[in-house]
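[1] Here is the input, now give the coordinates:
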Amino acid sequence: MKFGKWIGGALGWAFGGPLGALFGFILGAALDGPSKPRQYKTGPTTQGDFKLALLALMAAVMKADKKHLKSELNYIKDTFTQLFGYASTKEAMPMLKQLLKQEIPVRDICYQIKRHMDHSARLELFHLLFGLAMADNHYDPSEDAILRRMAGYMNISDKDFASIKAMFVPDTDSAYKILEISSNATDEEVRKAYRRMAMKYHPDKVAHLGEDVVNSANEKFQAVNKAYESIKKQRGMS
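    Numbering: from 1, shown residues only. As a prediction, the model looks like this:
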């Protein structure tokens, strides 16, 4: 098996470390060659880095509830096709099958991601992982546990976690949680929170990962707008 079009040569820091070791093991050879030590590279996250991180963590989330549901597989296929194209998806799915058979070093991979992936890209990663967890319209406690572990390892704050979770697991305060405020906030605090969250989740923050990832990131941005409009309507704000 070869990475071929799936990676397209766009690998940076994921070429080494636990991610490189995991995928190198699956492919039967080290990504950087058997005679070279695996080392981290510097520089911004590339689309290839993002693909490796996303696929590995998606496999870990799938393994959490030990069900491997068809709805989850379909979500991954659809997501990879949308973000990276059909050819990438065709090569990714056999690797996912092998990942599901492996013990995935979640902590080490998350630490590698934290060191080399910026905050906006990590938030987009979590948005996609929550989508996977809710692919069957059920948020299992085991999925919550693995996602919370990942968040801790990747330095995703409790507020960021709750904000993204509220986009997928609604409750009575979902709109406020998305804006990372309480229902006791003043109207001015609501406006300030909206401006802050709109900036945090702006799709341009992940432009370096490619146009399709930008389009996917727009879902978070729209969720912020929807939450703000909901609160404004509820309060009669202008």
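[2] start to end distance for stretch 150-162?
    14 Å (CA to CA, to the nearest Å).
[3] Any buried residues in that stretch, and which?
    150, 151, 153, 154, 156, 160, 161, 162 (16 or more other CB atoms under 10 Å). No exception for glycine: its C-beta is placed from N, CA and C like everyone else's.
[4] Residues touching it, excluding its own?
    57, 60, 106-107, 110-111, 113-114, 122-123, 126, 129, 147-148, 177, 180 (CB atoms under 8 Å, 6 or more residues apart in numbering).
[5] And the buried ones among the residues you listed, selectable in ChimeraX?
    Remark: buried members of those, expressed as a ChimeraX selection using 16+ other CB under 10 Å:
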select :57,60,106,110,111,113,122,123,126,129,147,177,180
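[6] how about the most centrally placed residue in the chain, what does it touch?
    Centrality entry for the chain: nearest residue to the mean C-alpha point is residue 125, 1.5 Å, by CA atoms, centre = their mean. Contacts of residue 125 were listed using CB under 8 Å, 6+ apart, and they are 50, 53, 54, 57, 113, 117.
[7] Contacts only, for the third one.
    For residue 54, the contacting residues are 125, 128, 129, taking CB under 8 Å, 6+ apart as the criterion.
[8] Kindly reformat these as JSON lines and extend each row with secondary structure and pLDDT.
    Converted to JSON lines, those look like this (DSSP: H, G, I helix; E, B strand; the rest coil; pLDDT from 0 to 100):
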{"residue": "125", "secondary structure": "helix", "pLDDT": "96"}
{"residue": "128", "secondary structure": "helix", "pLDDT": "97"}
{"residue": "129", "secondary structure": "helix", "pLDDT": "97"}
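[9] export these to CSV and tack on distance to residue 191?
    Shown next, in CSV, are the contacts of residue 54 (distance: CB to CB, whole Å):
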residue, distance to residue 191
125, 29
128, 29
129, 30
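[10] ok, so of those residues, who is nearest residue 226?
    residue 128 (18.7 Å; CB to CB).
[11] per-residue confidence at the closest residue to residue 174 other than its chain neighbours?
    Spatially, and ignoring its direct neighbours in sequence, residue 174 is nearest to residue 166 (4.3 Å; CB to CB, 6 or more residues apart in numbering). As predicted, residue 166 sits at a pLDDT of 96.
[12] The helix or strand where residue 166 lies: what's the following helix or strand?
    Using DSSP states H and E, residue 166 falls within helix 158-168. Downstream of helix 158-168, the next assigned helix or strand under DSSP H and E is helix 174-178.
[13] what's the angle between the helix or strand just after that following helix and helix 158-168?
    Next along the chain after helix 174-178, taking DSSP H and E as the criterion, comes helix 187-200. Angle, helix 187-200 to helix 158-168, by axes from the mean of the first three to the mean of the last three CA atoms, to 10 degrees: 90 degrees.
[14] any idea how far helix 187-200 is from the chain center?
    23 Å (CA atoms, centre = their mean, to the nearest Å).
[15] Ok, stretch 131-147 next?
    Relative to its parent chain, stretch 131-147 has a centroid offset of 13 Å by CA atoms, centre = their mean.
[16] ok, now how distant is residue 214 from residue 83?
    According to CB to CB, to the nearest Å, residue 214 and residue 83 sit 10 Å apart.
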